[in-house]
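> The sequence and its predicted three-dimensional model are supplied below.
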2 protein chains.
Amino acid sequence: MTIENAKEKLYAVQKKLAAYEHAIGLLQYDGATTAPSATAQNRGASLSILSEEVYVLSTSDETVEMLEFLDENKSSLSDKEKRMVYLMLKDIKNMKKIPMKEYVDYQELLVIADDVWHKAKLASDFEMFRPYLEKIFETNKRFAAYIEPEKDPYDHCLGEYEEGLTKETLDEFFGELKKHIVPLLKKISAKEQVDDSIRFGKFTDAQQEKFSYWLMELIGLDLEHVGLSTTEHPFTTSLGSHFDERITTHYHEDDFVSSMYSVVHEGGHALYDTGSADDLAYTVLDGGTSMSIHESQSRFYENIIGRSRAFCEYVFPKLNEFFPGAFEGKTVEDFYKAVNKAEPSLIRTEADELTYSLHVMVRYELEKRVMAGELEVKDLPEEWNKLYKEYLGVDVPDDKHGVLQDSHWAGGLVGYFPSYALGNAYGAHFLTKMRKDVDFEKCIREGNYEPINNWNRENIWKHGQLYTPAEILSRVLGEPFSTKHYIKYLSDKYTEIYNL
Amino acid sequence: MTIENAKEKLYAVQKKLAAYEHAIGLLQYDGATTAPSATAQNRGASLSILSEEVYVLSTSDETVEMLEFLDENKSSLSDKEKRMVYLMLKDIKNMKKIPMKEYVDYQELLVIADDVWHKAKLASDFEMFRPYLEKIFETNKRFAAYIEPEKDPYDHCLGEYEEGLTKETLDEFFGELKKHIVPLLKKISAKEQVDDSIRFGKFTDAQQEKFSYWLMELIGLDLEHVGLSTTEHPFTTSLGSHFDERITTHYHEDDFVSSMYSVVHEGGHALYDTGSADDLAYTVLDGGTSMSIHESQSRFYENIIGRSRAFCEYVFPKLNEFFPGAFEGKTVEDFYKAVNKAEPSLIRTEADELTYSLHVMVRYELEKRVMAGELEVKDLPEEWNKLYKEYLGVDVPDDKHGVLQDSHWAGGLVGYFPSYALGNAYGAHFLTKMRKDVDFEKCIREGNYEPINNWNRENIWKHGQLYTPAEILSRVLGEPFSTKHYIKYLSDKYTEIYNL
């Protein structure tokens, strides 16, 4: 094998993998958006076969031989190629530790589980979903033991989404947040609550859809490459490469704010993905580097931008065009306060910026305990409700508004939730750096996202997965990451809004 | 190799092929329904890779060896298995004659061509589409020469959709139709034209969508397995197996009749596909046996059922529920006449039952001449317009309403169009047999499709591709197929409507 030859194979295998990921991603996207209700089993059969093909292709002797050859000849590789080889070899080593049949069965299980979760949520019936969730947690434990037998299983899961992340780090991180958020929330609850009636009314799906497209264009998404659909639970996915990106939202007819921030949140994910340098397309370096860096972008657009006064000032006059007559007698300030109302609530995706991390903490605690064998899946609803009472002071009326609200576990995403809270905190630290180059408020007040997007693109997006999350943090920050910026951001914002 | 072992492989390969067809079909469906506008190239990259995988899997030594082994041991196979082996070996022999690179390039070309066709149609600019269409015809000629070098290339194309069909048969078939339809049309044009104003008005997409789902349920589709979307050009596709079927339609806000009959037409295709016996799923026998038998079903539901007086009587009262106030002062008879107005027109999919075959004849003539090298693609618009003047007496104002109206050629479907006309004629002959077992008009007048669907399921649908189209015809008819039933059907119907 020559270097040239091996490099050609390297790119060819990645292109093939991208095609399979396109097909698999589209099957899943179709299942969530368009497919008729009783087609999950049929889809599962195809997904299981395609996953098996991915497994075979990724771990074939030919692929491994090529990668190992290139790994031994690192000096002939570009930095990008070195990283490709490293990531692919790491993946293969992990995959090879999982028996193929178990890997394929798990993919099939996830398709069925997602379908059952939808039905269970609709019926608010955890028992319907329980056997599937048990298998999902059980499989995650088993796979963790296969791949990193020496490591704590939950630490392994965390590392899947954020290299090197551990319970220890998170216990400290969440402890710090709790220490500051809970007193802040107490102070707020002693004050008069803000009036958020502006968000409620009658907003048709068609009106909200037009508004969604306008928002997508406002924040700088290219609608020729980014599509919008509706799903039970909003998400973002790349199909084949960052040239075809899809976001989804969920319209509530009586409340336009919910979908509005879903669109901006998923839009942030889509900006990150589509901001990958074009020469990363059809390689494993295409797209974001980790879930927490991804969430740092989505939540940056949703909250730091989207829930700022400057954003509200720009959007409010437009609101009256999209929803004529809906906001008579209301002001920008009403809008700004309504979208920043801090109040303990039941649903994570609807939570305000301040209480959001508490929702994440509930999930973190529960996952951690299930993975450690300290909590059984069957007891999740009860524990969920207990922690919501403890952290947020709310009573969960049913599983639909409790343990069944999120799709993550049904999708096998154990260890994912902490990314949301980390992302929040990263974003606040990023902002302190961005401000040195960009007149942040002015841009947003004028609806001019180019300077902001260019900054993010240059510093974060274009690199795709070329750097680890830790490297991105260190490159952007030039100093160790600290939660203090996030805490100061929250404290300043809510002190002003609530006159604390 | 043991028989057991080979049979296991036979089913495994088919299941794998079904998964790839699911992925490929879904990529195409997504491109037509949901994908952002500038994603065709990305989709083409994935489709080309997946098609290559299908090619490799279908023609691998392992697959061929298994099939040939089973072919040599036919006596140990069920009738179904014999047919599977026969169809797969035939396909492989054909595929092996096409160099893989050319096959894959063609799949990629079709993706791009479809995208360009959409844009060219929008711009009514044939020149934009011409280079792609030239390549498509050129490839069809080349592939025909690879596969059946001894055969006329257009006869080969016809045979791809209908085993054994030739120009000779079609020249006679169309000659017969022309001989009767043209005089009938002349008599009609001497009479007072019917008033079809009932179909025009303002019908929102949302209203029409609700009506579509109602129609789908009416004719007996299972909405848990059959989905509905909108596309430029309506079509039907199975994804993976007949357990996941999709139909599409196109809403015109000023005319509810157009989409109504698209839904019933595509619904007919979906009934046929989903009517395959369940044990044919994930085998090559799943779905319809040929395009003309397929069209015999879709056009049976669209015309023989959907444009009958009995159907109009059942649907009319419901129309008032779906489109309140739209039909004040109108009667069932107005509705019946409006949907049966016979009038030369420009658009095939909007054409009435009587003139429809003339639209097909134009396409047949042109395809035939291009494939014979008697006509160049660049001259298609001019010839198209000339034939429309000659057969239908209408002036084509632009390519959008002319040569660019159909998606078929963009999708590589050369030799497909005649199926529509054959299907019409088969359906009319089938009806004479169905009437012996089913009180046809009574069922339709009462909205009771079970007896009709059961008859079609037992006689046609459940067999999937177990029998050739000729075998299906002979089984159902018990006598040679004749166009006289179709001609009588048209003649009786239009004589009554127009008092000829």
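Sure thing, it's come through. Residues are numbered from 1 along each chain as shown, chains lettered A, B, ... in the order given.

> Distance of the residue nearest the centre of chain A relative to A:Asp114?
Geometric centre of chain A, nearest residue: A:Glu295, 5.2 Å, by C-alpha atoms, centre = their mean. Between A:Glu295 and A:Asp114 the computed distance is 21 Å (C-beta to C-beta, to the nearest Å). All C-beta atoms are positioned from the backbone trio N, CA, C, and that covers glycine.

> which residues touch A:Glu68?
A:Leu89 (C-beta atoms under 8 Å, 6 or more residues apart in numbering or on different chains).

> Which helix or which strand is home to it?
Per DSSP states H and E, A:Glu68 falls inside helix A:61-72.

> so what secondary structure elements neighbour the host helix or strand of A:Tyr106?
Secondary structure assignment for A:Tyr106, by DSSP H and E: helix A:100-123. The helices and strands touching helix A:100-123, judged by 3 or more C-beta pairs under 8 Å, 6 or more residues apart in numbering or on different chains; DSSP states H and E, are helix A:3-33, helix A:40-59, helix A:126-147.

> what helices or strands is the helix or strand following the helix holding A:Glu68 leaning on?
The C-terminal neighbour of helix A:61-72 among helices and strands, as given by DSSP H and E, is helix A:79-96. Here helix A:79-96 touches helix A:3-33, helix A:40-59, helix A:61-72, going by 3+ C-beta pairs under 8 Å, 6+ apart.

> Can you check which of the ones you listed gets nearest to A:Thr204?
Of all the helices and strands packed on helix A:79-96, helix A:3-33 sits nearest to A:Thr204, with 19.5 Å by C-beta to C-beta.

> I'd like the average pLDDT over the helix holding A:Glu68.
Helix A:61-72 carries an average pLDDT of 97.

> now that helix against helix A:79-96, angle please.
130 degrees (axes from the mean of the first three to the mean of the last three C-alpha atoms, to 10 degrees).

> Only alpha carbons, please: show helix A:61-72 as CSV.
Coordinates of each C-alpha in helix A:61-72 appear next as CSV, following Å, rounded to 0.1, in the frame of the first residue of the first chain:
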residue,chain,number,x,y,z
ASP,A,61,-9.9,-5.7,7.8
GLU,A,62,-9.4,-3.5,4.8
THR,A,63,-10.4,-0.3,6.6
VAL,A,64,-8.4,-1.1,9.7
GLU,A,65,-5.3,-2.0,7.7
MET,A,66,-5.5,1.3,5.8
LEU,A,67,-6.0,3.3,9.0
GLU,A,68,-3.2,1.5,10.8
PHE,A,69,-0.9,2.0,7.8
LEU,A,70,-1.7,5.8,7.8
ASP,A,71,-1.3,5.9,11.6
GLU,A,72,2.2,4.4,11.2
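
> Off-centre distance for that helix?
Averaging C-alpha positions (C-alpha atoms, centre = their mean, to the nearest Å) puts helix A:61-72 33 Å from its chain's average.

> same thing with stretch A:63-83?
Put simply, stretch A:63-83 sits 31 Å off its chain's centre (C-alpha atoms, centre = their mean).

> so where's chain A shaky on pLDDT?
In the predicted model, chain A carries no residue with pLDDT under 70.

> quick one, strands of it?
Read by DSSP state E, chain A holds these strands, from start to end of the chain: A:226-230, A:236-239, A:241-249.

> quick check, the last one touching chain B?
Right, the one you point to is strand A:241-249. Yes: using C-beta under 8 Å from any C-beta of the partner chain, strand A:241-249 reaches chain B at A:Ser241, A:Phe243, A:Asp244, A:Glu245, A:Arg246.
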